[in-house]
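the sequence isn't on hand, but the structure is:
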């Protein structure tokens with residue numbers, strides 16, 4: 001890159017940016033949208049995208065019917081990445097460390113050549129994958145706890161850049177009036193939190209709290225979403241919950257969060273979800289107090305959230321009943337949550353950290 005030229009950066013994702021709403025593509029789209037002084041190359045869905053396509057940079061078409069990172073999409077992304085990595089100044093990969101990532105990491109010199117690489121790690125599916133993985137380059141973690149895990153696995157240079165949320169797009173909302181609703185949003189993953197949320201709601205109901213439980217569930221590729229949703233309804237009924245609604249994919253999270261009072265997110269493991277889930281940031285930005293499990297990465301939220309032992313439905317339910325019975329405590333947590341995202345997860349801070357990292361690696 002010659003002095004005065006705009007840097008050219010490949011955003012390497014396993015699926016198109018205008019395809020499914022995964023943590024990796026969300027992070028890549030945020031980088032694309034907040035760094036105007038960079039010429040980006042990114043993967044776009046063909047023949048059509050599920051999400052609005054970014055209007056900046058150079059799209060590279062990837063054949064995908066649903067925008068989900070199936071094996072064909074991953075292979076196309078790897079092949080296109082190998083071609084365009086040699087035409088840019090820097091490669092910025094957004095790849096979860098899962099079952100196939102160790103092989104990709106060992107093939108990194110062949111696939112990505114000699115260009116500098118930034119690897120933002122949305123999450124780690126299983127710690128066992130780390131033992132077989134080589135770092136792609138400078139590694140970026142979303143939380144301090146993830147950075148410690150990666151450094152302990154000999155990833156070397158690990159930085160921390162928390163994810164961002166558009167503060168204008170997610171304004172602080174007043175508490176909804178009427179009968180309260182409590183939200184869980186997640187996937188049908190083992191120990192992903194849905195079952196614990198039902199147990200917690202049942203415990204809160206036994207303690208006298210009255211509310212409607214809303215489960216917003218997203219099925220992963222290959223899952224029978226309708227059957228899994230029905231199993232949750234049966235589980236809630238068996239637990240004695242009288243008012244439960246199980247939703248599929250939700251198009252309008254703004255409206256859903258505006259209608260609820262509390263976010264309940266008690267997973268024992270995050271699995272394929274981002275290290276800091278976007279739903280939690282959306283809830284906090286909207287002024288919705290959140291009760292989370294005590295996973296290490298959630299410690300970064302400090303007193304802005306309530307936390308309970310992972311998988312402990314009884315303790316989680318006690319906290320839910322306590323919060324619903326105390327409007328003043330609800331107000332305090334709502335204000336703390338909004339202040340937290342403004343101070344630590346705003347777009348300016350996000351953009352400044354990645355811009356500084358790009359300058360360092362390209363100098």
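Cool, the structure landed. What you see is a predicted model, and the numbers here were worked out from it, not measured in a lab.

which stretches of the chain have low pLDDT?
1-4, 49-50 (pLDDT under 70).

show me where it has strands.
Assigned by DSSP state E, the strands in the chain fall at 8-13, 39-46, 58-63, 90-94, 117-121, 138-141, 158-160, 181-187, 212-218, 244-247, 262-265, 290-293, 306-308.

and the ones you listed: which comes nearest residue 278?
Of all these, it is strand 181-187 that lies closest to residue 278, at 9.7 Å by C-beta to C-beta. (Each C-beta comes from the backbone N, C-alpha and C, glycine too.)

residue 108: how many residues sit nearby?
18 (other C-beta atoms under 10 Å).

not counting its neighbours along the chain, what's nearest it?
Ranked by C-beta to C-beta, 6 or more residues apart in numbering and with sequence neighbours excluded, the top spatial neighbour of residue 108 is residue 136, at 5.3 Å.

same question, residue 207
Per C-beta to C-beta, 6+ apart, closest to residue 207 is residue 321, 4.1 Å.

likewise residue 346?
For residue 346, ignoring the flanking residues on the chain, the nearest one in space by C-beta to C-beta, 6+ apart is residue 167 at 5.8 Å.

pretty sure the one you found contacts residue 349?
No - Residue 167 is not in contact with residue 349 according to C-beta atoms under 8 Å; the separation is 11.0 Å.

next, format the strands of the chain as a markdown table and append distance to residue 225 and mean neighbour count.
Supplementary listing: the strands of the chain in a markdown table, determined by distance: least, C-beta to C-beta, whole Å; neighbours: other C-beta atoms under 10 Å:
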| stretch | distance to residue 225 | mean neighbour count |
| --- | --- | --- |
| strand 8-13 | 24 | 26 |
| strand 39-46 | 21 | 22 |
| strand 58-63 | 24 | 17 |
| strand 90-94 | 26 | 25 |
| strand 117-121 | 28 | 24 |
| strand 138-141 | 31 | 24 |
| strand 158-160 | 35 | 18 |
| strand 181-187 | 10 | 23 |
| strand 212-218 | 7 | 21 |
| strand 244-247 | 10 | 16 |
| strand 262-265 | 20 | 26 |
| strand 290-293 | 24 | 24 |
| strand 306-308 | 28 | 20 |
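
quick one: the helices in this protein?
23-34, 71-84, 101-106, 108-112, 144-152, 194-206, 225-238, 253-259, 278-285, 313-324, 327-344, 347-362 (DSSP state H).

contact partners for residue 213?
Residues in contact with residue 213 (C-beta atoms under 8 Å, 6 or more residues apart in numbering) are 181-182, 184, 197-198, 201, 236, 241, 243-245.
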